[in-house]
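# quick one, what's the 3D model for this:
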Amino acid sequence: MTPTRCCRSRYLRIAVAALVLLLSPVHTGCHSGTDADGDGWTAEDGDCMDLNPDINPDAVEVCDDVDNDCDGLIDEGVPTPTWYYDEDDDGHGNPESTVETCHQPKRYVSVGDDCDDQDPTAFPDNPETCDGVDNDCDGTVDEGLESSAWYPDTDGDGFGADTAPVRACVGPDGTVATRGDCNDTDPTVYPGATDSAGDGTDADCGGNDGADPHVGLTSASKASIQAALDAAKDGTTVWVGPGTYLEFDLTFNGKAVALRSTAGPSVTTIDAQSKGRVFLLNSGEGQGTMVDGFTLTGGESNRGGGIRTYRTSPVLTDLVVTGNHATADGGGISSAFGSPLFRRVLVENNSADNVGGGGYSDSSANVTLEDVIFRNNQAREGGGYYSRNTTLTLYRVGFDGNVALAAGGRGGGLVLVETTSVEGSNWWFEDNQADLGGGAAFVSADPVVQNCLFTRNNGQTGGALRLENASPDLSYCAVVANVAISAGGIYMTGAGSGPILSGTVLAYNMGGNLYDDPGSSADPGIACSSFYAEAGETNHNLGDTNGFTVGQEPDFLDYDAEGFPVDFHLAPGSPLVDTGCSGDSDPDGTRADIGAYGGPGAAGWDRDMDGFPDYFWPGSITDAPQGTDPADYDCNDDAPTLQSCTD
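Prediction:
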């Protein structure tokens, strides 16, 4: 019997598919309409692959180089995917190098968003690293990373001019990470160079024509920092090279000497190894005495484990004070009498058994803190800083993650007790914790503060701030998303409490925005401010709401998944825009906005100390008011960025 054409076609398809099961001279299935694959179609009915149920005249054509619907056409009417060539094999292709085909070609991928297809470290969402590359393809290089100081080195001697540095993650061409060159046109002049007396040249940049003491630079260096300080003359500089120096109770003995590192605190450490303080300045030193560019650690003493100033007025700058301990007060720094200046100092991970885990001042000291951050310090009270009977001036000072450990302890971030005078601007308190005043506690203290921020602080009473017979003047502040059993925002007690709040917003504070203790009521003065509480939360217990509005959602720029604000800039349409106190203006000349970014001091924020102020206007950085260049401002003030940025 000779098979028909229909059956021959069927045998051919089976053979090509390598699925021949049994062949016999009689083939009744073809003529009887046998449905071999059970899809409801036979070869006679038009099933062009009767051993594959996914292929039949009813099937939907898909992009797979197969005639799925048996109409004689392959992949007709089906969108063909675009593939992008991935030269660097990072999973992200070049958007300008494409092919369209149903099968993925070798080294092609389905996403075409690579900004540099020759660099496997550059693709969207890749974490930014310090390498001069736009790793995350957002158009900005090395943003959000710790910046370093780079100094121009014109003469190529390895030391940069001792001038204002360029801050970047990777040094620009012609810069170095070491400073101190007092003549950057002469390669024989630099810290540690041989300096012959009488030639009219200060070759070692110590301040004298002749050899000045230095440490860790050459074979002629002094064996220790203390030896160099002992040998130094008034008005000179002792340069210290990178390294770790195991010394304690360092003292200047009253000399006007500048002790400076050539390479900064990240690579220059003085470790007291718990044998004493790191520095003790108690010999009448004045502003001509300087400590500049070190990490100070391992200090142990009763007061001021890292630094103790007593009846002195030194300048202490570009320091990291970390891992020090006080058996009494001031784990990191401590001051009594005198007028010390602390500038660009990070005080973190210090502890005190009594008060002031990060710092402590008392006894009529006159302390100035500029660009100082107290982070993750702890003590019985005043986890960050504790001040009693002191004159304080604080500009751009932050308290972050500090803890007061005692039951009933006050001030996770800051405690002010009977302070003579306190003023400043741009204070911020975040993630601090204490039973009484999670962020801060003011006791018989009346600071005057322009622009402040309290957020995510935690306490039993006064999650953000507790006032006891205190009358602070707080203008243009944001007290937002703090937590307490009573008054997550501000808790007031004592007839002597008469705080003044102006241009301030209190919102989303659990336990209430403001509580006035009825047993010892205060007398607050509130003007051009706004209180907002979610449904079910207490707002305040004041009878008179004259001077502030209640119930307006502030409309901040950004909120987290739970609905709490995380960016305290205002959205452009916020009801707090241009509603500050009459006569007060923002830096652009418009009427002041309510909140931390309103009022004359709104452009003073620089929480990450990168040298670029946070932008102050509503909306994103691209919403800059006319006449304001957003390149002069910071779009991310939470981490040290390398440069200003425009989204």
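# residue 519 - that's part of a strand, no?
No - applying DSSP: H, G, I helix; E, B strand; the rest coil, one finds residue 519 to be helix, outside a strand.
# distance of it from residue 495?
10 Å (CB to CB, to the nearest Å). (Each C-beta comes from the backbone N, C-alpha and C, glycine too.)
# more neighbours: the two, which one.
Shown here are residue 519 and residue 495; by other CB atoms under 10 Å, residue 495 has more neighbours (10 against 6).
# verify the stated contact: the more buried one with residue 520.
Yes - counting by CB atoms under 8 Å, residue 495 does reach residue 520; the two are 6.1 Å apart.
# give the contact list for residue 428.
Residue 428 is in contact with 397, 398, 399, 400, 452, 453, 454, 607, counting by CB atoms under 8 Å, 6 or more residues apart in numbering.
# recalculate using a threshold of 10 Å.
Contact partners of residue 428, counting by CB atoms under 10 Å, 6 or more residues apart in numbering, are 373, 396-400, 413, 439, 451-455, 477-478, 568, 596, 605, 607, 637.
# among those, which lie within helices?
Among the contacts of residue 428, none falls in helices (DSSP state H).
# what are the boundaries of the helices in the stretch 201-350 of the chain?
225-231 (DSSP state H, counting those that start in this stretch).
# how close does residue 610 sit to residue 149?
11 Å.
# ok, for residue 574, nearest residue in space, not its chain neighbours?
Excluding the flanking residues, the one nearest residue 574 by CB to CB, 6 or more residues apart in numbering is residue 555, at 3.8 Å.
# circling back to that earlier point, intersection of neighbour lists for residue 610 and residue 149?
Residues touching both residue 610 and residue 149 by CB under 10 Å, 6+ apart: residue 167.
# what sits against residue 360?
Contacts of residue 360 by CB under 10 Å, 6+ apart are 303-304, 308, 326, 328-336, 352, 354, 367, 379, 382, 385-388, 390, 415.
# my read is it is in a strand, agree?
Yes - per three-state DSSP, residue 360 lies within a strand segment.
# since we're on residue 223, how many residues are nearby?
Neighbour number of residue 223 under other CB under 10 Å is 9.
# again, but for residue 37
Residues lying near residue 37 (other CB under 10 Å) number 16.
# how much space between it and residue 106?
Distance, residue 37 to residue 106, using CB to CB: 33 Å.
# got it, and residue 376?
Applying CB to CB, the value for residue 376 to residue 106 is 51 Å.
# comparing those two, which residue is more hemmed in?
Shown here are residue 376 and residue 106; by other CB under 10 Å, residue 376 has more neighbours (20 against 6).
# isn't the more buried one right next to residue 412, touching?
No - using CB atoms under 10 Å, residue 376 is not in contact with residue 412, being 11.1 Å away.
# list residues touching both of these two?
Here residue 376 and residue 412 have 357, 383, 384, 401, 402, 403, 431, 432 as joint contacts, going by CB under 10 Å, 6+ apart.
# of those residues, closest to residue 57?
Residue 57 lies nearest to residue 431 out of the shared contacts of residue 376 and residue 412, by CB to CB, at 66.5 Å.
# wait, what's in contact with the closest one?
Residue 431 makes contact with 375-376, 399-403, 412-413, 438-439, 455-458, according to CB under 10 Å, 6+ apart.
# go again with 6 Å.
401, 456 (CB atoms under 6 Å, 6 or more residues apart in numbering).
# now it: how far from residue 401?
To residue 401, residue 431 is 5 Å away according to CB to CB.
# before we move on, back to that, what's the neighbour count on the residue nearest to residue 574?
17.
# surely it meets residue 568?
No - using CB atoms under 6 Å, residue 555 makes no contact with residue 568, being 11.3 Å away.
# what's the farthest-apart pair in the shared contacts of residue 376 and residue 412?
Of all pairs in those, the most separated under CB to CB is 357 and 431 at 14.5 Å.
# ok, what's across the strand from residue 526?
Taking DSSP bridges as the rule, residue 526 bridges to residue 501.
# residue 469 contacts residue 494, doesn't it?
Yes - assessed by CB under 6 Å, residue 469 is found in contact with residue 494 at 3.6 Å.
# sorry, back to before: return the subset of the contacts of residue 360 lying in strands.
Among the contacts of residue 360, the ones falling in strands (DSSP state E) are 303, 308, 326, 328-329, 333-336, 352, 367, 379, 385-388, 415.
# which among the residues you listed count as buried?
With neighbours counted by 16 or more other CB atoms under 10 Å, these contain buried members at 303, 308, 326, 328-329, 333-336, 352, 367, 379, 385-388, 415.
# so, low pLDDT: which residues of the stretch 1-150 of the chain?
1-32, 144, 146 (pLDDT under 70).
# in it, which spans are strands?
82-85, 98-100, 108-109, 148-152 (DSSP state E, counting those that start in this stretch).
# which one of those strands lies closest to residue 272?
That would be strand 148-152 among the strands of the stretch 1-150 of the chain, by CB to CB, at 25.4 Å.
# show me the contact partners of that closest one.
Residues from elsewhere that reach strand 148-152, judged by CB under 6 Å, 6+ apart: 160, 161, 165, 166, 168, 171, 174, 175, 176, 179.
# same question, stretch 313-321
Here stretch 313-321 makes contact (CB under 6 Å, 6+ apart) with 265, 281, 285-287, 289-296, 306, 332, 338-347.
# equivalent analysis for stretch 479-491, please.
Residues outside stretch 479-491 that contact it (CB under 6 Å, 6+ apart): 454-466, 506-515, 564-565.
# what subset of these is buried?
Neighbour-count burial (16+ other CB under 10 Å) applied to the contacts of stretch 479-491 gives 454-466, 506-515, 564-565.
# which of those residues fall within strands?
Judged by DSSP E, strands contain the following of the buried ones among the contacts of stretch 479-491: 454-455, 458-461, 465-466, 506-507, 514-515, 565.
# columns pLDDT and distance to residue 485 on top of these, output as CSV?
Output for these, formatted as CSV (pLDDT from 0 to 100; distance: CB to CB, whole Å):
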residue, pLDDT, distance to residue 485
454, 98, 17
455, 98, 18
458, 98, 10
459, 97, 8
460, 97, 5
461, 97, 7
465, 98, 15
466, 97, 12
506, 97, 17
507, 97, 19
514, 95, 15
515, 94, 10
565, 95, 22
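# adding distance to residue 486, write these out as JSON lines.
Listed next are these as JSON lines, based on distance: CB to CB, whole Å:
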{"residue": "454", "distance to residue 486": "16"}
{"residue": "455", "distance to residue 486": "18"}
{"residue": "458", "distance to residue 486": "13"}
{"residue": "459", "distance to residue 486": "9"}
{"residue": "460", "distance to residue 486": "7"}
{"residue": "461", "distance to residue 486": "5"}
{"residue": "465", "distance to residue 486": "13"}
{"residue": "466", "distance to residue 486": "10"}
{"residue": "506", "distance to residue 486": "14"}
{"residue": "507", "distance to residue 486": "17"}
{"residue": "514", "distance to residue 486": "11"}
{"residue": "515", "distance to residue 486": "6"}
{"residue": "565", "distance to residue 486": "22"}
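# isn't residue 339 up against residue 366?
Yes - in this structure, residue 339 is within contact of residue 366 by CB under 6 Å, at 4.2 Å.
# quick check: residue 314 vs residue 446, distance?
Applying CB to CB, the value for residue 314 to residue 446 is 28 Å.
# may I have the residues that are in contact with residue 380?
By CB under 6 Å, 6+ apart, the neighbours of residue 380 are 354, 405, 406, 409.
# and the residues you listed, which is closest to residue 322?
residue 405 (18.7 Å).
# burial measure for the closest one, as a count.
For residue 405, using other CB under 10 Å, the count is 17.
# what sits against it?
Neighbours of residue 405 in contact, by CB under 6 Å, 6+ apart: 378, 380.
# and the gap between it and residue 571?
Between residue 405 and residue 571 the computed distance is 39 Å (CB to CB).
# beta partners for residue 400?
Taking DSSP bridges as the rule, residue 400 bridges to residue 375, residue 430.
# next: the one 4 residues further on.
In this structure, residue 404 has beta-bridge partners residue 379, where bridges are defined by DSSP bridges.
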